[in-house]
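**Q** take a look and give me a structure for this.
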Amino acid sequence: MNSTQITALIIILLYMAATVALGLFVSQRKRNKAEKQSNDDFLMASKSLGPLVLAGTLFAANTGGASTTGIATNVYKYGLSASWYVIAAGIGFVLVSFIAPFFRKAQASTVPEIISKRYGKGSHIFTALTSITALFMATGAQIIATASIINVVTGFEFNIAAIITTIIVILYTMIGGYKSVTAANMMHVLFITIGMTIAMFIVVNNSAVGGFSALFDKASAMTDVSGNNYNFVSMTKIGLPTIIGYIAMYFMTFPTGQEIVQTYCSAKDGQSAKVGSVIAGLVSAAYAIVPAILGLVAYVAIDGFAADGAQKNALAQATITFAPPIVSGIVLAAVVAATMSSASGNMIGTATMFTNDIFRPYINKGVRDDLKEVWISRITMVVVGSVGLFIAITASNIISVMMGAFALRSAGPFAAFICGLFYKNVTKRAGFYSIVTGTAVAAYWIYVLKTPYGLNAMVPGGLVAFAVIFLVSAIDRSMGVKPQPMIELSDK
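**A** Numbers count the residues shown, from 1 in each chain. I've put the predicted structure just below:
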C-alpha cells in the first residue's frame, strides 16, 4: 500500500472503532440508569425520536451502498442521471410525510404487525417472511459496498473485507440496540453529507481534473470505441420510465420497509414523524449529485477507466487518485458510514420482525418475555449479518440486489398496507390475495421478463395488487362478507 492508501485505511479503521465505541457508550449509559431494558427500548428507542434525529436516521438508513458507490459506478451507464436513484428517494420521503403520522398512531412496531391487525394470520406470516428475506438481501448489498471500499484501499481480498465489515456492523448494532444506531446515524449523516461534499469540491478542483467546467466539457465530448457519445452529463439518459419507477418504488417501499417504518414508529409523536420525513427528503435530494459527480471524475479523468467497464468502484478510485490522503480517508469513511448505517438498520428491522411477528406469537405462544426477546433479537442480528455476508460474496451489482429486495418486500404488501389504514371496505381475503399476487407479479417482472422498458417491478406489481384488493373486496361484499374492522389509531 502507498501512503495515501495507508492514511485512508487508518481513518476508516478509526471511524469504525468510533462507531463501536459509541454503541458501547450508549449501552453503558442505559445500564448506569439502572433501568430494566424492555425489547421496545432495545428495538424502538423507547419511541422517543424528535424530528431532527428521526430525519437523520431516515437519511442514514436509506443512504447506503447503492446511494453512494452504486450511483458513482452507474454513471458509466446513465451519466449524471444515475443520481435520480437518490433524488427519487428524496421525493419519496416528502410524499410519505403525508401518511407518516399514521404509522406512529397505528401503535405497532412492524409492517407485518400492521398488516395482521386488518388481515389476520396468513397475511401476517407471508408479509413477515418476504420482508425478512428482503432485509437479508439489502444487508448483503451494504456489505458489498463497504467491502469494495476496503478492497480498493488495502488490496485485501473482497471476501476478507466483507467478513471484517460484517463483524463490525454486528458488534455495534447488537451492543446498544436502536438507541446506539440512532446515535451513530447522526455521526454518519455528518460524514456522508459534509465529508463527501467537501471531498467532491476538492477532487473536482484538482489540477488534473481542472474544475467543473473542464470536467463537463471533457465529459460531453467523450465517446466509446465505436464513436458513440457516452452522454455522461445527461440528466435524462436513464429514461422517464426508470425515473417514474424509482419514485414509485420509494413511495411504495418506504411505507413497507421495516427499517423505515420502524423509524417512523419510533417517533415521539405523529408531527415529529411528518417533519422528520420532509427534512430527510430535502437532504436526500440535495445530496444525490455528490456521488454522481465523483463517479463522473473517475470515468472522465482517469485514463482508460471508462474503457474498462462499469463494475469498478468509481467513487473510491476518484477519491484515492485526486484527493489528499486525509480527504480520501474522510470520504471513504463517509461511504463506510453510509453502508454501515443501512446495514445496521436492516439488522434492527429484521430482529424486530422476527421477535414481534414470529418468535412471540408462534414460538413463544404469545407470551411476552423481554429478557428472552432481547437475546433473541441479538441472535437474529448475527444471523442477518451471516446471511448478508453470504449474499455479498455470491452477488456483485449493488443496485440489482436492492431492486430485488425492494420489489420482494413492497410490491405485494403496499396496497394491503395503505388500504389497511385508510379503506374501510376491505376484506380479510382480499388483503391476502393482494399481497401474494402483487409479490408474484413483481418477481415475474424481474426474473422472467427481465424488467422490460426499464420500469421498476413495483409499478406493475403494485397496480395488480390494488386491482386485486378492490376487486376481491367487492366480490366478498356482494356475497355478504363483512369488511374487516378499521385499525384503531392513537397518539399515545
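**Q** nearest spatial neighbour of Ile320, chain-adjacent residues omitted?
**A** Spatially, and ignoring its direct neighbours in sequence, Ile320 is nearest to Ser328 (5.4 Å; CB to CB, 6 or more residues apart in numbering). C-beta coordinates here come from the backbone N, C-alpha and C atoms, glycine included.
**Q** tell me the contacts of that neighbour?
**A** Counting by CB atoms under 8 Å, 6 or more residues apart in numbering, Ser328 makes contact with Thr4, Thr7, Ala8, Ala199, Thr319, Ile320.
**Q** Gly270 too?
**A** Ala100, Pro101, Phe102, Arg104, Lys105, Asp491.
**Q** out of the residues you listed, which is most surrounded?
**A** Of all the contacts of Gly270, Ala100 has the most neighbours under the rule other CB atoms under 10 Å, reaching 30 neighbours.
**Q** mind checking the pLDDT average for the strand or helix carrying Ser220?
**A** Assigned by DSSP states H and E, Ser220 falls within helix 211-221. Summarised as a single mean, pLDDT over helix 211-221 is 94.
**Q** what does stretch 147-155 give?
**A** The average pLDDT for stretch 147-155 rounds to 78.
**Q** what does that stretch contact?
**A** By CB under 8 Å, 6+ apart, the residues outside stretch 147-155 that reach it are 1, 5, 8-9, 12, 69, 156-159, 161-162, 164-165, 313, 316-317, 320, 332, 335-336, 339, 392.
**Q** and that stretch, what's buried?
**A** Neighbour counts using 16 or more other CB atoms under 10 Å place Ala147, Ser148, Ile149, Ile150, Asn151, Val152, Val153, Thr154 of stretch 147-155 among the buried residues.
**Q** repeat that for stretch 62-79.
**A** Residues 62-76, 78-79 are the ones in stretch 62-79 that count as buried (16+ other CB under 10 Å).
**Q** so which of those belong to helices?
**A** Per DSSP state H, helices hold the following members of those: Asn62, Ile71, Ala72, Thr73, Asn74, Val75, Tyr76, Tyr78.
**Q** looking at those, which one is closest to Met186?
**A** Closest approach between those and Met186, by CB to CB: Asn62, at 14.9 Å.
**Q** residues near the spatially closest residue to that closest one that is not a sequence neighbour, how many?
**A** In space, and not counting its chain neighbours, Asn62 is closest to Ala89: 5.6 Å by CB to CB, 6+ apart. Applying other CB under 10 Å, we find 29 residues neighbouring Ala89.
**Q** related to what we said a few turns ago, the contacts of stretch 147-155, buried ones only, as a ChimeraX selection?
**A** Buried residues among the contacts of stretch 147-155 (16+ other CB under 10 Å), as a ChimeraX selection:
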select :5,8,9,12,69,156,158,161,162,164,165,313,316,317,320,332,335,336,339,392
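**Q** inside strands: which ones of the contacts of stretch 147-155?
**A** Of the positions in the contacts of stretch 147-155, not one sits in strands, assigned by DSSP state E.
**Q** which one of the contacts of Gly270 sits closest to Ile469?
**A** Nearest to Ile469 among the contacts of Gly270: Phe102, at 17.8 Å, using CB to CB.
**Q** which residues touch the host helix or strand of Met252?
**A** For Met252, the host element (DSSP H and E) is helix 240-253. In this structure, residues lying in contact with helix 240-253 by CB under 8 Å, 6+ apart are 81, 84-85, 88-89, 91-93, 95-96, 260, 403, 406, 409-411, 414, 453-456, 458-459, 462.
**Q** now those residues: which count as buried?
**A** Neighbour-count burial (16+ other CB under 10 Å) is assigned, among the contacts of helix 240-253, to 81, 84-85, 88-89, 91-93, 95-96, 260, 403, 406, 409-411, 414, 455-456, 458-459, 462.
**Q** any low-confidence regions in the stretch 301-450 of the chain?
**A** 308-312, 396-399 (pLDDT under 70).
**Q** hmm, 80 instead?
**A** The model of the stretch 301-450 of the chain has pLDDT under 80 over residues 306-313, 331, 334-342, 344-345, 370, 395-404, 406.
**Q** so what does the nearest residue to Met486 once chain neighbours are set aside have for phi and psi?
**A** Leaving aside its sequence neighbours, Met486 sits nearest to Lys424 (CB to CB, 6+ apart; 5.7 Å). Backbone torsions of Lys424, given as degrees, to the nearest 10, read phi -80, psi -20.
**Q** now Lys424: how far from Gln484?
**A** Note on Lys424: its distance to Gln484, by CB to CB, to the nearest Å, is 9 Å.
**Q** repeat for Ala301
**A** For Ala301, the distance to Gln484 under the criterion CB to CB works out to 59 Å.
**Q** do Met16 as well
**A** From Met16 to Gln484 the distance is 47 Å (CB to CB).
**Q** quick one: contacts for the residue nearest to the spatial centre of the chain?
**A** With distances taken as CA atoms, centre = their mean, Asn62 lies nearest the centre of the chain, 3.6 Å away. Neighbour list for Asn62: Ala89, Phe93, Ile260, Ala280, Ser284, Ser342 [criterion: CB under 8 Å, 6+ apart].
**Q** now the third one, nearest residue through space, not along the chain?
**A** So that's Ile260. Nearest residue to Ile260, sequence neighbours excluded (CB to CB, 6+ apart): Phe254, at 4.8 Å.
**Q** pretty sure that neighbour is touching Phe93, no?
**A** Yes: if you go by CB atoms under 8 Å, Phe254 and Phe93 touch, sitting 6.8 Å apart.
**Q** neighbours of the residue lying closest to Tyr230 once chain neighbours are set aside, how many?
**A** Counting by CB to CB, 6+ apart, Tyr230 lies nearest to Met222, which is 4.9 Å off, once chain neighbours are set aside. Met222 has 14 neighbours, counted by other CB under 10 Å.
**Q** next one: the one 10 residues further on
**A** Residue neighbour count, defined by other CB under 10 Å, stands at 26 for Phe232.
**Q** quick one, phi/psi of it?
**A** Main-chain dihedrals, Phe232, degrees, to the nearest 10: phi -60, psi -30.
**Q** tell me which residues touch it, please.
**A** Val75, Gly79, Leu80, Ala219, Ser220, Met222, Leu296, Tyr299, Val300.
**Q** follow-up on the earlier one: quick one: which of the contacts of helix 240-253 sit in helices?
**A** Counting by DSSP H, the contacts of helix 240-253 contribute 84-85, 88-89, 91-93, 95-96, 260, 403, 406, 409-410, 414, 458-459, 462 to helices.
**Q** wait, Asn364 sits on Asp357?
**A** No: counting by CB under 8 Å, Asn364 stays clear of Asp357, with 11.9 Å between them.
**Q** and those two? Which one has more around it.
**A** Taking neighbours as other CB under 10 Å, Asn364 and Asp357 compare with Asp357 leading, 25 against 15.
**Q** thinking again about what came up before, from the contacts of Asn62, which two are the most distant?
**A** Greatest spatial distance in the contacts of Asn62: Phe93 and Ser342, 14.9 Å, computed using CB to CB.
**Q** list the contacts of the host helix or strand of Gly420.
**A** With elements taken from DSSP H and E, the one containing Gly420 is helix 413-422. Helix 413-422 has contacts (CB under 8 Å, 6+ apart) with 99, 102, 106, 111, 114-115, 117-119, 123, 127, 130-131, 252-253, 255-256, 426, 431, 434-435, 438-439, 458, 462, 465-466, 468-469, 487.
**Q** how about stretch 209-227?
**A** Here stretch 209-227 makes contact (CB under 8 Å, 6+ apart) with 203-205, 229-230, 232-233, 293, 296-297, 299-301, 306-307, 322.
**Q** and the buried ones among those residues, selectable in PyMOL?
**A** The buried residues among the contacts of stretch 209-227 can be selected in PyMOL (16+ other CB under 10 Å) with this line:
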select buried, resi 203+204+230+232+233+293+296+297+299+300+301+306+322
